[in-house]
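Novice: Following is a predicted model, sequence given first.
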Amino acid sequence: MASFSFSTQGVCSQEIHFELDAQNRVHRVNFIGGCPGNLTAIGKLVEGVPAQQVVSLLKGNDCAGKGTSCADQLARALEQALAK
């Protein structure tokens with residue numbers, strides 16, 4: 001498994017940690033800061049899901065007109081990880 005850290009921008013959480021397996025499935029998503037209940041739930045919902053599918057589901061999700069959200073930031077982080 002490859003581990004990744006992503007510094008968020010424009011949201012309450014400050015950082016996202018996650019892993020991708022050899023098939024690019026998402027594992028062990030952990031948000032630092034933000035709304036613990038919602039962000040823990042996101043981590044559980046995406047566990048084992050292909051990263052590209054998570055990107056398709058979450059990219060562009062907006063929080064209170066911020067132009068982004070913690071879910072959107074996870075999608076951006078996964079896109080960066082997939083590009084490496």
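Specialist: Nice, I can see it.
Novice: List the buried residues for the longest helix along the chain?
Specialist: Taking DSSP state H as the criterion, the chain has its longest helix at helix 70-83. Neighbour counts over helix 70-83 (16 or more other CB atoms under 10 Å) mark 70, 71, 72, 73, 74, 75, 76, 77, 78, 81 as buried. The C-beta positions use only the backbone N, C-alpha and C, and glycine is treated the same way.
Novice: Just list whatever residues bridge to residue 17.
Specialist: Using DSSP bridges, the bridge partners assigned to residue 17 are residue 5, residue 30.
Novice: need the contact list for residue 57.
Specialist: Taking CB atoms under 8 Å, 6 or more residues apart in numbering, we find residue 57 in contact with residue 75.
Novice: Doesn't it lie inside a strand?
Specialist: No. Counting by DSSP: H, G, I helix; E, B strand; the rest coil, residue 57 is not part of a strand but helix.
Novice: quick one: it from residue 46, how far?
Specialist: 8 Å (CB to CB, to the nearest Å).
Novice: Was I right to think residue 31 contacts residue 44?
Specialist: No. Counting by CB atoms under 8 Å, residue 31 does not reach residue 44; the two are 12.0 Å apart.
Novice: Same drill for the two, tell me which one is more crowded.
Specialist: residue 31 (26 against 9; other CB atoms under 10 Å).
Novice: from the buried residues of helix 70-83, which single one is nearest residue 40?
Specialist: For the buried residues of helix 70-83, the closest approach to residue 40 (CB to CB) belongs to residue 70, at 11.2 Å.
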